[in-house]
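Asks: Task: produce atomic coordinates for the following.
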Amino acid sequence: MVSDAGPVLHAARFDDLTPRQLYAILRLRAEVFVVEQDCAYTDMDGRDAEPEAIQLWHEEDGVVVSTARLLTETVDGVVTGRIGRIATLPSARGRGLAGAMIRHGLEHFAGRPVVLGAQSQLEAYYGGFGFVRCGDPYDEDGIPHIPMRREAA
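Replies: Okay, the predicted model is just below:
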């Protein structure tokens, strides 16, 4: 648990989450991805329960206000980290919560390359963390995305 005089950053594997924590994380993801962004995909893709998956979330006054997911996968034969499912409540945006989770993920994956699928309008934002475009743009549920990669530090 990390505190920055405000929302507290938590990290846990699936089996270590309480039912209430898991519910709050999934509810936030549904609020942002399904309701706000009007996506019609199955957010619960089975990857949350992978042995190496880690859920990150900021909690403030008992409310999950942001979340992200860290995964480990093999890309072109190289063990690689993946940061995804980054979501922040509209009322908590602009406070650096997503950035704190990205930095935590980069520290977690230190020594490994890290990939993510960025909404196209966020390319410069992720570029600020050292990510660069690494492939062709693609459409994910009607939202333009680009694959991005940060080489091992």
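Asks: host element of Leu28?
Replies: Per DSSP states H and E, Leu28 falls inside helix 19-29.
Asks: who touches that helix?
Replies: Applying C-beta atoms under 8 Å, 6 or more residues apart in numbering, the external contacts of helix 19-29 come out as 10, 12, 14, 17, 43-44, 55, 57, 59, 63-67, 85, 87, 89. C-beta: built from backbone N, CA, C; applies to glycine.
Asks: mind listing the strands for the protein?
Replies: 2-3, 8-13, 54-60, 63-75, 78-88, 114-119, 132-133, 138-140, 143-150 (DSSP state E).
Asks: buried subset of the contacts of helix 19-29?
Replies: Buried subset of the contacts of helix 19-29 (neighbour count, 16 or more other C-beta atoms under 10 Å): 10, 12, 17, 55, 57, 59, 64-67, 85, 87, 89.
Asks: And those, which is closest to Arg150?
Replies: Arg85 (17.4 Å; C-beta to C-beta).
Asks: residues in contact with the closest one?
Replies: Taking C-beta under 8 Å, 6+ apart, we find Arg85 in contact with Arg29, Phe33, Asp43, Thr67, Ala68, Arg69.
Asks: how about 7 Å then?
Replies: Arg29, Thr67, Ala68, Arg69 (C-beta atoms under 7 Å, 6 or more residues apart in numbering).
Asks: where are the low-confidence patches of the chain?
Replies: Across the chain, the ranges flagged by pLDDT under 70 are 1-5.
Asks: same thing but at 90, please
Replies: Within the chain, the ranges that satisfy pLDDT under 90 run 1-6, 33-45, 75-76, 140-142, 153.
Asks: looking at it, which residue lies furthest from center?
Replies: Relative to the centre of the chain, the most outlying C-alpha is that of Gly77, 22.8 Å out, by C-alpha atoms, centre = their mean.
Asks: returning to what we had before: okay if I get the buried ones among the contacts of helix 19-29 as a markdown table plus distance to Phe109?
Replies: Output for these, formatted as a markdown table (distance: C-beta to C-beta, whole Å):
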| residue | distance to Phe109 |
| --- | --- |
| His10 | 18 |
| Ala12 | 17 |
| Leu17 | 20 |
| Gln55 | 15 |
| Trp57 | 18 |
| Glu59 | 23 |
| Val64 | 23 |
| Val65 | 24 |
| Ser66 | 19 |
| Thr67 | 18 |
| Arg85 | 15 |
| Ala87 | 20 |
| Leu89 | 25 |
